[in-house]
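In: What shape does this take:
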Amino acid sequence: MEELREKALKLIEQYIKNENLKKHLLASEALMRALARKFNENEEIWGIAGLVHDIDWELTKETPEKHSLIGVEILEKEGFPMEIVNAVKVHNHIHNLEPKTLLEKALYSCEEMTGLIVAVALVMPNKKLSEVTVERIMDKFKEKSFAKGVNREIIKKCEELLGIKVEELAEICLKAMQEISDKLGL
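Out: Below you'll find the model as predicted:
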């Protein structure tokens, strides 16, 4: 499995130039690993799904309807496991694909939480994740004008899809991101 992560990191270097997007992928990997632990699932598979879910973002930013579909082509060509490929495909809600597996449901409903947490950290006095609290995240979650790009309706689906409250997701995500704060520069 370690070589699969190495392959994922090489693809990121090949396809992703934006440093903030690379950090989003690392944050998503950390979150997905934490969720895998919570649900007793395969941490490597879940983590790699988080790591590669936006592999085609820079290729498709002008054509969001192609986002994740190009990523699927890249991942299939590289021989990634189908459970990862399918989760990447489903995560783009524009396609209206219903997430079926627990992995698909988790990636679909949870990865945007990383963006909200980064935004919260950036308005803290020292711009550090260590200053962020779940309460602060939840306050900002309710503030529609804050981090407008974060789709709160998709995040709320974690409650029906995974049976966890948004607040618990925020806590899991925050802890996972704090563990890699040095890699995130926060």
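
In: which residues in this structure form helices?
Out: 2-15, 19-38, 43-52, 57-60, 69-77, 82-91, 102-110, 112-122, 134-142, 152-156, 158-162, 166-179, 181-184 (DSSP state H).

In: which parts of the fourth one are buried?
Out: Buried positions in helix 57-60, judged by neighbour count with 16 or more other C-beta atoms under 10 Å: W57, T60. In short, each C-beta sits where N, CA and C put it, glycine included.

In: what packs against it?
Out: Judged by 3 or more C-beta pairs under 8 Å, 6 or more residues apart in numbering; DSSP states H and E, helix 57-60 is in contact with helix 69-77.

In: I'd like the mean pLDDT over the helix it packs on, please.
Out: The pLDDT scores in helix 69-77 average 97.

In: List the contacts of the residue lying farthest from the centre of the chain.
Out: The outermost residue of the chain, judged against the average C-alpha position, is P125 (25.1 Å), by C-alpha atoms, centre = their mean. P125 sits next to E131 when contact means C-beta atoms under 8 Å, 6 or more residues apart in numbering.

In: Which pLDDT does the model give it?
Out: Per-residue confidence (pLDDT) for P125: 96.

In: try the one 5 residues further on
Out: pLDDT, S130: 97.

In: what do you get for E2?
Out: Model confidence at E2, given as pLDDT, is 69.

In: What spatial separation is found between E62 and H53?
Out: Noted for E62: a distance of 19 Å to H53, by C-beta to C-beta, to the nearest Å.

In: scratch that, C110 is what I was asking about
Out: From C110 to H53 the distance is 11 Å (C-beta to C-beta).

In: show me where pLDDT drops low in the chain?
Out: 1-2 (pLDDT under 70).

In: which non-adjacent residue is nearest K23?
Out: L184 (5.0 Å; C-beta to C-beta, 6 or more residues apart in numbering).

In: so what's that neighbour up against?
Out: K23, L26, A27, V118, L129, M177.

In: For stretch 122-139, C-alpha coordinates in CSV please.
Out: C-alpha atoms of stretch 122-139 as CSV (Å, rounded to 0.1, in the frame of the first residue of the first chain):
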residue,chain,number,x,y,z
LEU,A,122,-6.7,32.0,8.6
VAL,A,123,-8.9,34.4,10.6
MET,A,124,-7.3,33.5,13.9
PRO,A,125,-4.7,35.9,15.4
ASN,A,126,-1.7,33.6,14.7
LYS,A,127,-3.3,31.8,11.7
LYS,A,128,-2.7,28.4,13.3
LEU,A,129,-4.9,25.3,13.6
SER,A,130,-3.9,25.1,17.3
GLU,A,131,-6.1,28.2,17.9
VAL,A,132,-9.1,26.7,16.2
THR,A,133,-11.9,25.1,18.3
VAL,A,134,-14.9,23.1,17.2
GLU,A,135,-17.2,25.8,18.6
ARG,A,136,-15.5,28.4,16.4
ILE,A,137,-15.9,26.1,13.3
MET,A,138,-19.6,25.6,14.1
ASP,A,139,-20.1,29.4,14.5
